[in-house]
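Take this sequence and fold it.
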Amino acid sequence: MTGVGEFEFATATRIVFGAGAARHLGHAVSQFGRRALLVTGRSSLRTERVLKLLQHDSIEAVVFSVTGEPTLEAVNEGVALARTERCEVVIGFGGGSALDAGKAIAAMLANPGDLLDYLEIIGRGKPLLHPSVPFLAVPTTAGTGSEVTRNAVLGSPSHRLKVSLRSSLMLPRLALVDPELTYDLPPDITARTGLDALTQLIEPFVSSRANALTDGFCREGLGRVARSLPRACADGQDPAARQDMALASLLGGLALANAGLGAVHGLAGPLGGRFAAPHGALCAILLPHIVAANIRALQLRQPQNPALGRYQELARLLTGAPGAGFGELISWLHDLVRDLHIPPLSSYGITSHDISEIVPQSVRTSSMKGNPITLEAEELAGVLRQAL
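Okay, the predicted model is just below:
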């Protein structure tokens, strides 16, 4: 992390950002086809709005709703529907669940075999052979950055796990990011998706795979979250705050897709697979404890690791204080999580008895590979106990 070195960078073919950008969705879709599978979340009002946008440009759309976090079964249902309806293009319109479901559906429409052929951990882990059918991503929350990532996180209830379908062939043809679509998000969703965005800027910044390009995205995004997440939660109609958060989420997605994540997501994945807890809330409550655990481990075992300098820089970027150090960083994160009313893990039914199963599962996740230092099992268990 001290030099430029060699790196590779991949993202969506095209990114369009700006207030009101969603009004041009129909025209964008028409470049790829006239019949679309529209993958949405729960909101029927939003679905009606996007259908009108598509109809304006003579795009026929078949709606497929994802009512929770996407599962293997939901993806298979979406693929079957898209094939039956002869859809030429897939649109993900919603939060991370709708985008990940749409991304996986688009990938499986273009590739033979079963979804389990391509999944990591629970499947055969084979590489996808063909690029996805055209996929357009339109986020309506500011958190996941899924509009520019190359993977889809899917739940497997039978395995009680969340796993990823992952390939550069899954990158969207268009990421259309319109901050106006986030104006009506309630404060609790704004908070937990915003803290997910913050996590996805912090973890790539200290990642063992960080590079000069992702560093720039992280630095730009971190300051925006620090100044605007509390404002967006307090007033959802604040245009400047919503724009900051939409851009920060996008920058976090660009960073994580190319520099990886860390132990926060390594633990959040198995927790989310076993308990009905929002991903952003899990990341939020774990974040201060993982930052503290990483700093302690680095000081003890790798005091020359450049990640310690990154954490010092994070302290300055987030607190705005030139002399801020590790203690101020950890306190700032705890205070933000408290002020945004993020509940502890125990509120989702997680107990100390679950720790012995969660920790071994977390060690096997791909997110752990980016953590700046390998945390020992007892260190991870300690994080979970503190977050209860």
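
from here on, contacts and neighbour counts on C-alpha atoms
Fine.

next one: phi and psi at Gln361?
phi -70, psi -40 (degrees, to the nearest 10).

how about the strands of the stretch 101-250 of the chain, start to end?
According to DSSP state E, counting those that start in this stretch, the stretch 101-250 of the chain carries its strands in the segments 135-139, 151-156, 161-166, 174-177.

could those go into TSV alongside distance to Thr193, mean pLDDT and mean neighbour count?
Rendered in TSV, the data for those read as follows (distance: least, CA to CA, whole Å; pLDDT from 0 to 100; neighbours: other CA atoms under 10 Å):
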stretch	distance to Thr193	mean pLDDT	mean neighbour count
strand 135-139	12	97	29
strand 151-156	16	93	22
strand 161-166	18	90	23
strand 174-177	15	97	25
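
quick one: which of the ones you listed is nearest Arg385?
Nearest to Arg385, of all these, is strand 161-166, at 20.4 Å by CA to CA.

Report the angle between the closest one and strand 151-156.
What separates the directions of strand 161-166 and strand 151-156 is an angle of 150 degrees, with axes from the mean of the first three to the mean of the last three CA atoms, to 10 degrees.

From the contact counts, what lies against strand 161-166?
strand 151-156, helix 263-274 (3 or more CA pairs under 8 Å, 6 or more residues apart in numbering; DSSP states H and E).

Run the chain-centre distance for the next helix or strand after the last one.
Counting by DSSP states H and E, the element after helix 263-274 in chain order, helix or strand, is helix 279-301. For helix 279-301, the distance between its averaged C-alpha position and the chain's averaged C-alpha position is 17 Å (CA atoms, centre = their mean, to the nearest Å).

So which bits of helix 279-301 are buried?
Residues 279-298 are the ones in helix 279-301 that count as buried (16 or more other CA atoms under 10 Å).

Go ahead and name everything in contact with that helix.
Residues from elsewhere that reach helix 279-301, judged by CA atoms under 8 Å, 6 or more residues apart in numbering: 143, 192-196, 199, 263-265, 268-269, 271-272, 305, 307-308, 311, 326, 330, 333-334, 337, 342-345, 372-373, 375, 379, 383-384, 386-387.

On the C-terminal side of that helix, identify the next helix or strand.
Counting by DSSP H and E, the element after helix 279-301 in chain order, helix or strand, is helix 307-319.

how far is the next helix or strand after that following helix from where the chain is centred?
Remark: after helix 307-319, the chain's next helix or strand is helix 326-339, criterion DSSP H and E. For helix 326-339, the gap between its own C-alpha mean and the chain's C-alpha mean amounts to 22 Å (CA atoms, centre = their mean).

relative orientation of helix 326-339 and helix 279-301 in degrees?
Here helix 326-339 points in a direction 160 degrees away from that of helix 279-301 (the same axes, to 10 degrees).

Any buried residues in helix 326-339, and which?
Judged by neighbour count using 16+ other CA under 10 Å, the buried positions of helix 326-339 are 326, 328-330, 332-334, 336-337.

before we move on, back to that, among the strands of the stretch 101-250 of the chain, single out whichever gets nearest to Arg124.
Within those, the stretch nearest Arg124 is strand 161-166; the backing value is 11.0 Å (CA to CA).

now that closest one against helix 263-274, angle please.
Using the same axes, to 10 degrees: strand 161-166 against helix 263-274 is 120 degrees.

Need the contact partners of strand 161-166.
104, 118-122, 150-156, 269-270, 272-274.

and if you look at stretch 331-351?
Outside stretch 331-351, the residues within contact range by CA under 8 Å, 6+ apart are 188, 191-192, 230, 233, 275-277, 281-282, 284-285, 287-288, 318-319, 387-388.

Can you check the distance spanned by that stretch, start to finish?
25 Å (CA to CA, to the nearest Å).

tell me how far that stretch is from the chain's mean position?
Using CA atoms, centre = their mean, the distance from the centre of stretch 331-351 to the centre of the chain it belongs to is 19 Å.

check contacts around Ala107.
Ala107 makes contacts with 128, 130-133, 169-170, as judged by CA under 8 Å, 6+ apart.

So which of these is the closest to Gln31?
Using CA to CA as the measure, the one of the contacts of Ala107 that approaches Gln31 most closely is Val133, at 12.8 Å.

got the contact list for that closest one?
Contacts for Val133 (CA under 8 Å, 6+ apart) come out as 88-90, 106-107, 109-110.

How much space separates Gln384 from Arg274?
No Gln there; residue 384 is Leu. If you go by CA to CA, the gap between Leu384 and Arg274 works out to 14 Å.

And Leu169, by the same measure?
In this structure, Leu169 and Arg274 are 29 Å apart, going by CA to CA.

What of Ser208?
In this structure, Ser208 and Arg274 are separated by 28 Å, where distance is defined by CA to CA.

now do Gln304
Counting by CA to CA, the gap between Gln304 and Arg274 amounts to 37 Å.

Please apply the same query to Met170.
26 Å.

how about the lowest-mean-pLDDT helix or strand in the chain as CSV, C-alpha atoms only?
Within the chain, confidence by mean pLDDT, DSSP states H and E is lowest for helix 44-56 among all helices and strands, at a mean of 88. Taking only C-alpha atoms (Å, rounded to 0.1, in the frame of the first residue of the first chain), the coordinates of helix 44-56 have been written out as CSV:
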residue,chain,number,x,y,z
SER,A,44,-45.5,-1.0,-5.7
LEU,A,45,-45.5,2.8,-6.0
ARG,A,46,-41.9,2.9,-7.3
THR,A,47,-42.6,0.0,-9.6
GLU,A,48,-45.5,2.0,-11.1
ARG,A,49,-43.2,5.0,-11.6
VAL,A,50,-40.5,3.0,-13.4
LEU,A,51,-43.1,1.2,-15.6
LYS,A,52,-44.3,4.6,-16.8
LEU,A,53,-40.7,5.7,-17.6
LEU,A,54,-40.3,2.5,-19.7
GLN,A,55,-43.6,2.8,-21.4
HIS,A,56,-42.7,6.4,-22.5
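
Please name the strands paired to the helix or strand following it in the sheet, noting orientation.
Following the chain from helix 44-56 toward its C-terminal end, the next helix or strand by DSSP H and E is strand 60-65. Within its sheet, and counting by DSSP bridges, strand 60-65 is paired with strand 35-40 (parallel).
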